[in-house]
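Visitor: Below are the sequence and a predicted model; questions follow.
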Amino acid sequence: GAVSGWTSSFVMFPVDMAKTRIQDEHIIKGVEPVYRNIFQTIWKVGNEEGVRSIYHGYIPVLLGSAPQGILQVGTNDFMRRFFATRNDCAMDKLDLPSEIIAGGCAGFMQVFATSPMERVKILQQANGQSSGNILQVIDQIGVKGLFAGASACWMRDIPFCALYFPVYQRTKQWMMNREGHDVN
(Lines give C-alpha, C1' and ligand atoms only; values in the text may rest on other atoms or scores of the structure.)
Protein backbone atom coordinates (compact mmCIF):
# COMPACT_ATOMS: atom_id res chain seq x y z
CA GLY A 1 0.00 0.00 0.00
CA ALA A 2 2.65 2.51 1.03
CA VAL A 3 4.91 1.63 -1.91
CA SER A 4 2.09 2.05 -4.44
CA GLY A 5 1.16 5.38 -2.83
CA TRP A 6 4.77 6.57 -2.99
CA THR A 7 5.12 5.42 -6.60
CA SER A 8 1.92 7.09 -7.80
CA SER A 9 2.86 10.27 -5.90
CA PHE A 10 6.31 10.24 -7.55
CA VAL A 11 4.85 9.79 -11.03
CA MET A 12 2.14 12.43 -10.56
CA PHE A 13 4.17 14.91 -8.52
CA PRO A 14 5.33 17.01 -11.53
CA VAL A 15 1.67 17.51 -12.48
CA ASP A 16 0.85 18.55 -8.91
CA MET A 17 3.80 20.95 -8.88
CA ALA A 18 2.64 22.50 -12.16
CA LYS A 19 -0.91 22.86 -10.84
CA THR A 20 0.40 24.64 -7.74
CA ARG A 21 2.62 26.98 -9.79
CA ILE A 22 -0.23 27.82 -12.18
CA GLN A 23 -2.68 28.45 -9.34
CA ASP A 24 -0.17 30.47 -7.31
CA GLU A 25 0.84 32.77 -10.17
CA HIS A 26 -0.21 36.40 -9.92
CA ILE A 27 -2.02 37.33 -13.11
CA ILE A 28 -1.59 40.89 -14.35
CA LYS A 29 -3.91 42.18 -17.04
CA GLY A 30 -2.06 42.63 -20.33
CA VAL A 31 0.96 40.57 -19.23
CA GLU A 32 1.41 37.04 -20.53
CA PRO A 33 1.41 34.49 -17.69
CA VAL A 34 4.70 32.75 -16.92
CA TYR A 35 2.97 29.37 -16.68
CA ARG A 36 0.54 28.56 -19.51
CA ASN A 37 -0.22 24.85 -19.07
CA ILE A 38 0.98 21.78 -17.20
CA PHE A 39 3.54 20.58 -19.73
CA GLN A 40 5.01 24.03 -20.37
CA THR A 41 5.26 24.59 -16.59
CA ILE A 42 7.08 21.30 -15.97
CA TRP A 43 9.46 22.04 -18.87
CA LYS A 44 10.08 25.62 -17.73
CA VAL A 45 10.76 24.66 -14.10
CA GLY A 46 13.06 21.82 -15.15
CA ASN A 47 15.03 24.01 -17.57
CA GLU A 48 15.27 27.16 -15.45
CA GLU A 49 15.46 25.74 -11.92
CA GLY A 50 16.78 22.24 -12.53
CA VAL A 51 15.09 18.85 -12.60
CA ARG A 52 15.29 18.59 -8.78
CA SER A 53 12.93 21.58 -8.56
CA ILE A 54 10.21 19.55 -10.25
CA TYR A 55 10.22 17.28 -7.19
CA HIS A 56 10.82 19.97 -4.55
CA GLY A 57 8.22 19.20 -1.88
CA TYR A 58 8.08 15.44 -2.55
CA ILE A 59 9.74 14.46 0.75
CA PRO A 60 6.78 15.68 2.87
CA VAL A 61 4.47 13.62 0.64
CA LEU A 62 6.72 10.59 1.02
CA LEU A 63 6.76 10.99 4.81
CA GLY A 64 3.06 11.74 5.14
CA SER A 65 1.30 9.34 2.79
CA ALA A 66 1.63 6.11 4.80
CA PRO A 67 0.58 7.64 8.17
CA GLN A 68 -2.34 9.38 6.46
CA GLY A 69 -3.78 6.12 5.15
CA ILE A 70 -3.14 4.30 8.40
CA LEU A 71 -4.82 7.04 10.45
CA GLN A 72 -7.80 7.40 8.14
CA VAL A 73 -8.65 3.71 7.80
CA GLY A 74 -7.53 2.91 11.37
CA THR A 75 -9.70 5.65 12.88
CA ASN A 76 -12.72 4.52 10.89
CA ASP A 77 -12.20 0.90 12.01
CA PHE A 78 -11.58 1.94 15.64
CA MET A 79 -14.75 4.06 15.72
CA ARG A 80 -16.80 1.34 14.02
CA ARG A 81 -15.62 -1.14 16.69
CA PHE A 82 -16.41 1.41 19.41
CA PHE A 83 -19.98 1.90 18.11
CA ALA A 84 -20.49 -1.84 17.57
CA THR A 85 -19.49 -2.51 21.19
CA ARG A 86 -21.54 0.41 22.48
CA ASN A 87 -24.61 -0.63 20.48
CA ASP A 88 -24.04 -4.36 21.19
CA CYS A 89 -24.08 -5.32 17.52
CA ALA A 90 -21.79 -6.71 14.85
CA MET A 91 -19.72 -4.19 12.89
CA ASP A 92 -21.64 -5.03 9.71
CA LYS A 93 -24.92 -4.20 11.48
CA LEU A 94 -24.04 -0.65 12.53
CA ASP A 95 -26.71 1.99 12.13
CA LEU A 96 -26.10 4.71 9.56
CA PRO A 97 -25.51 7.56 12.07
CA SER A 98 -22.73 5.52 13.74
CA GLU A 99 -21.11 4.83 10.37
CA ILE A 100 -21.33 8.50 9.41
CA ILE A 101 -19.73 9.61 12.70
CA ALA A 102 -16.97 6.98 12.33
CA GLY A 103 -16.23 8.22 8.81
CA GLY A 104 -16.25 11.85 9.96
CA CYS A 105 -13.74 11.02 12.70
CA ALA A 106 -11.55 9.39 10.05
CA GLY A 107 -11.70 12.58 7.97
CA PHE A 108 -10.75 14.67 10.99
CA MET A 109 -7.70 12.52 11.75
CA GLN A 110 -6.67 12.42 8.08
CA VAL A 111 -6.56 16.23 7.93
CA PHE A 112 -4.79 16.43 11.27
CA ALA A 113 -2.11 14.09 9.93
CA THR A 114 -1.75 15.56 6.44
CA SER A 115 -2.12 19.32 6.96
CA PRO A 116 1.52 19.87 7.99
CA MET A 117 2.78 17.77 5.07
CA GLU A 118 0.47 19.52 2.59
CA ARG A 119 1.46 22.99 3.83
CA VAL A 120 5.20 22.30 3.47
CA LYS A 121 4.67 20.63 0.09
CA ILE A 122 2.69 23.55 -1.31
CA LEU A 123 5.18 26.13 -0.05
CA GLN A 124 8.07 24.16 -1.56
CA GLN A 125 6.24 23.69 -4.85
CA ALA A 126 5.18 27.32 -5.13
CA ASN A 127 8.52 28.82 -4.09
CA GLY A 128 10.87 26.21 -5.53
CA GLN A 129 14.39 25.85 -4.14
CA SER A 130 14.18 29.26 -2.46
CA SER A 131 11.78 27.85 0.15
CA GLY A 132 14.53 25.66 1.61
CA ASN A 133 14.29 22.19 3.10
CA ILE A 134 11.52 20.89 5.37
CA LEU A 135 13.12 22.11 8.60
CA GLN A 136 13.78 25.56 7.13
CA VAL A 137 10.15 25.87 6.03
CA ILE A 138 8.92 24.83 9.49
CA ASP A 139 11.32 27.32 11.06
CA GLN A 140 9.91 30.07 8.81
CA ILE A 141 6.20 29.40 9.37
CA GLY A 142 6.23 27.85 12.86
CA VAL A 143 4.14 24.97 14.13
CA LYS A 144 0.93 27.01 13.96
CA GLY A 145 1.71 27.81 10.32
CA LEU A 146 1.77 24.10 9.52
CA PHE A 147 -1.99 24.04 10.08
CA ALA A 148 -2.83 27.12 7.99
CA GLY A 149 -5.80 26.13 5.85
CA ALA A 150 -6.64 23.08 7.96
CA SER A 151 -10.13 24.38 8.77
CA ALA A 152 -10.98 24.48 5.05
CA CYS A 153 -9.62 20.94 4.66
CA TRP A 154 -11.72 19.76 7.62
CA MET A 155 -14.79 21.36 6.03
CA ARG A 156 -14.03 19.37 2.87
CA ASP A 157 -12.71 16.05 4.20
CA ILE A 158 -14.92 15.38 7.23
CA PRO A 159 -18.12 15.36 5.13
CA PHE A 160 -16.34 13.45 2.35
CA CYS A 161 -15.20 10.67 4.69
CA ALA A 162 -18.52 10.72 6.55
CA LEU A 163 -20.14 9.81 3.23
CA TYR A 164 -17.36 7.74 1.65
CA PHE A 165 -16.85 5.12 4.37
CA PRO A 166 -20.56 4.29 4.92
CA VAL A 167 -21.18 4.14 1.15
CA TYR A 168 -18.15 1.86 0.72
CA GLN A 169 -19.18 -0.39 3.62
CA ARG A 170 -22.81 -0.66 2.55
CA THR A 171 -21.90 -1.25 -1.08
CA LYS A 172 -19.50 -3.99 -0.02
CA GLN A 173 -22.20 -5.59 2.16
CA TRP A 174 -24.75 -5.37 -0.63
CA MET A 175 -22.41 -6.99 -3.16
CA MET A 176 -21.37 -9.75 -0.77
CA ASN A 177 -24.99 -10.48 0.22
CA ARG A 178 -26.06 -10.45 -3.42
CA GLU A 179 -23.46 -13.07 -4.25
CA GLY A 180 -24.33 -15.13 -1.18
CA HIS A 181 -21.01 -14.57 0.65
CA ASP A 182 -20.61 -13.97 4.33
CA VAL A 183 -19.65 -10.31 4.84
CA ASN A 184 -17.35 -11.13 7.77
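Guide: That came in fine, so what should we check first?
Visitor: ok, the nearest residue to residue 41 once chain neighbours are set aside - contacts?
Guide: The shortest distance from residue 41 to any non-neighbouring residue, by C-beta to C-beta, 6 or more residues apart in numbering, is to residue 18 (3.8 Å). Where C-beta positions appear, they are placed from N, C-alpha and C, glycine not excepted. Contact partners of residue 18, counting by C-beta atoms under 8 Å, 6 or more residues apart in numbering, are 35, 38-39, 41-42, 45.
Visitor: if you set the cut-off to 6 Å instead, what comes out?
Guide: Going by C-beta atoms under 6 Å, 6 or more residues apart in numbering, residue 18 touches 38, 41-42.
Visitor: Can you tell me which of those residues is nearest residue 104?
Guide: residue 38 (33.7 Å; C-beta to C-beta).
Visitor: Now do the same for the spatially closest residue to that closest one that is not a sequence neighbour: its pLDDT.
Guide: In space, and not counting its chain neighbours, residue 38 is closest to residue 18: 4.4 Å by C-beta to C-beta, 6+ apart. For residue 18, the pLDDT comes out at 91.
Visitor: just to revisit the earlier point, distance-wise, check the residue nearest to residue 41 relative to residue 43.
Guide: 9 Å (C-beta to C-beta, to the nearest Å).
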